[in-house]
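S.K.: sequence-free structure coming up:
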């Protein structure tokens, strides 16, 4: 039972990373206004904000990621910390890597790592090295990891997320702010779950969204900070997950354009 709980938390955290990356490239409907207030330009229309962010990401191509948060389920919270990187590949597609540390009920921290390459090849770190995940497996933690990791890379692609949720999201606020001393615009992004269910093409993801909707949750809010060069700097989200608890997550994006190493582990079986 304890092992099942730890596995569930690890999968939950990886799913949370999907939501964070999605929020970086999900945008809103409305009107653009670059002169409404002093400070950095502000975008309110989906086309303008998406163009600004995705053009920059496709130019920079790489970024580092820091993650921190907690899962509250009525008992001692699960604390989360981690780091990773992503790379937008030439010609489309994304490769990514992520290592996370989860501490559940005050137990010793448990660390896990995943590498996913463009095309969906997934590797997971195991006790004696690395192993390639058999994506044909069903009903196993390995299959869960493969699915989550593949979706992680997919949702890091701005085009993929635009196709999913652009008509379900809106910018509720856009104000000047700073992130660790860097000037930024803070966007409050709200996703209408009912509309997201209608637009989600993946059956599994659609079922997950529908479950949240049926539990009484009607929208998901997240906060996104973007710098003067349209680079995402930080996201924050808080979401109630039916049957699991409340997830609070902060992700910091750093070193856009700095080369990263994402490759198949040499010792993978």
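M.R.: In hand now; what should we look at? As the structure is a prediction and not an experimental result, all values here were calculated from the model.
S.K.: tell me the mean pLDDT over the helix or strand hosting residue 54?
M.R.: Assigned by DSSP states H and E, residue 54 belongs to helix 46-60. Average pLDDT, helix 46-60: 78.
S.K.: now do the buried residues in it.
M.R.: By neighbour count on 16 or more other Cβ atoms under 10 Å, the buried set for helix 46-60 is 46, 48-50, 52-54, 56-57, 60. Bear in mind the C-beta positions are built from the backbone N, C-alpha and C, glycine included.
S.K.: show me where the stretch 1-150 of the chain has strands.
M.R.: Taking DSSP state E, counting those that start in this stretch as the test, the strands found in the stretch 1-150 of the chain are 62-72, 78-88, 94-103, 110-116, 122-126, 129-132.
S.K.: for residue 174, which of those is the nearest?
M.R.: Between residue 174 and these, the shortest gap by Cβ to Cβ is with strand 62-72, which sits at 21.9 Å.
S.K.: now do that closest one against strand 78-88, angle only.
M.R.: 160 degrees (axes from the mean of the first three to the mean of the last three Cα atoms, to 10 degrees).
S.K.: same for strand 62-72, what does it pack against?
M.R.: Counting contacts by 3 or more Cβ pairs under 8 Å, 6 or more residues apart in numbering; DSSP states H and E, strand 62-72 packs against helix 2-25, strand 78-88, strand 245-254.
S.K.: that strand pairs with which strands, parallel or anti?
M.R.: With DSSP bridges as the test, strand 62-72 is paired with strand 78-88 (antiparallel), strand 245-254 (antiparallel).
S.K.: and the first one, how far out from the chain's middle?
M.R.: On the basis of Cα atoms, centre = their mean, to the nearest Å, the separation between the geometric centre of strand 78-88 and that of its chain is 9 Å.
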